[in-house]
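Q: I need the structure of the sequence given here:
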Amino acid sequence: MEIKFLGHSSFKIKGKAVTIVTDPYDASVGFKFPKVEAEIVTISHDHQDHNQKELVGGKPYVIAGPGEYEVKGVSVFGLQTFHDESQGEKRGINTAYRIELEEISLCHLGDLGHSLSSNQLGELNGVDILFVPTGGVYTIGPKRAVEVITQIEPKIVVPMHYRAPEQKDNETFAQLSGVDEFLKEIGEEVNPQPKLIVSRDQLPAEREVLVLERVR
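A: Numbering: from 1, shown residues only. Below you'll find the predicted structure:
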């Protein structure tokens, strides 16, 4: 499996026969969404920086809400969560996706805005790779992100939805914490990598944090 960071909360997850793209965004984030094709697209919620499915080529199957899905041999489970700490009153519903691909369990938390309940946590038991928002303001911030990571106990943690250098003058996203603040909170020093290549037998025995460089 090969995983690349497309920016913001969007990743390209490529298996042997299927490619998945999460949360494609528009130019409001401060940079352009790269050209990419996929068989499956997941949309965590209906905000413009997460729902631009038309930007993904290949006529993908779009998953945009809670439920159980089986697409081209890939199992996807959408778990309803909230975009804030007020049961969605401020920013609405968010869907976290658990994806089973190449014998690896991945979870993309979307714009999660709260810690997980025991019931929600039960649905995410055994996740191997976790994509977690860390920037705060609109999602959980560095401290709460570490709490959620501790709840889920994944093998690999990939932060997302943090302030990028290109967003320093962006009125909306300049408010986000940078990834360095998350790394400081979790107590890790890592160098960004261009991609993650992993198989079931290559998963680490102890938790690893990986920062991915954005595809340009």
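
Q: contacts and neighbour counts: CA atoms only from here.
A: Noted.

Q: and residue 147, that one's in a helix?
A: Yes. Residue 147: assigned to a helix according to DSSP: H, G, I helix; E, B strand; the rest coil.

Q: Look up the closest residue to it, ignoring the ones flanking it.
A: Counting by C-alpha to C-alpha, 6 or more residues apart in numbering, residue 147 lies nearest to residue 115, which is 7.3 Å off, once chain neighbours are set aside.

Q: Residue 179 too?
A: residue 162 (5.8 Å).

Q: Look up how far residue 76 lies from that neighbour.
A: 25 Å (C-alpha to C-alpha, to the nearest Å).

Q: do the same with residue 53
A: Residue 53 is 17 Å from residue 76, by C-alpha to C-alpha.

Q: sorry, back to before: count the neighbours of the residue nearest to residue 147 for me.
A: 19 (other C-alpha atoms under 10 Å).

Q: and it, what pLDDT?
A: Looking at residue 115, its pLDDT is 88.

Q: Also residue 85?
A: On pLDDT, residue 85 comes in at 71.

Q: which residues of this protein fall in helices?
A: Secondary structure of the chain (DSSP state H): helices located at 118-123, 142-152, 179-186.

Q: What's the mean pLDDT across the shortest one?
A: To tie it back to what came earlier, the one meant is helix 118-123. Average pLDDT, helix 118-123: 92.

Q: And the second one, by the same measure?
A: Mean pLDDT, taken over the full extent of helix 142-152, equals 97.

Q: Kindly report the same for the last one.
A: Mean pLDDT, taken over the full extent of helix 179-186, equals 97.

Q: Kindly spell out which helices and strands sit in contact with that helix.
A: Counting contacts by 3 or more C-alpha pairs under 8 Å, 6 or more residues apart in numbering; DSSP states H and E, helix 179-186 packs against helix 142-152.

Q: which parts of the helix it packs on are buried?
A: Neighbour-count burial for helix 142-152 flags 142, 143, 144, 145, 146, 147, 148, 149, 151, 152 (criterion: 16 or more other C-alpha atoms under 10 Å).

Q: Next up, the contacts around residue 110.
A: With contacts defined as C-alpha atoms under 8 Å, 6 or more residues apart in numbering, the neighbours of residue 110 are 9, 23, 44, 45, 94, 95, 96, 97, 132, 133.

Q: Where does pLDDT dip in the chain?
A: 84, 86-92 (pLDDT under 70).

Q: Let's see that with 80 instead.
A: 82-92 (pLDDT under 80).
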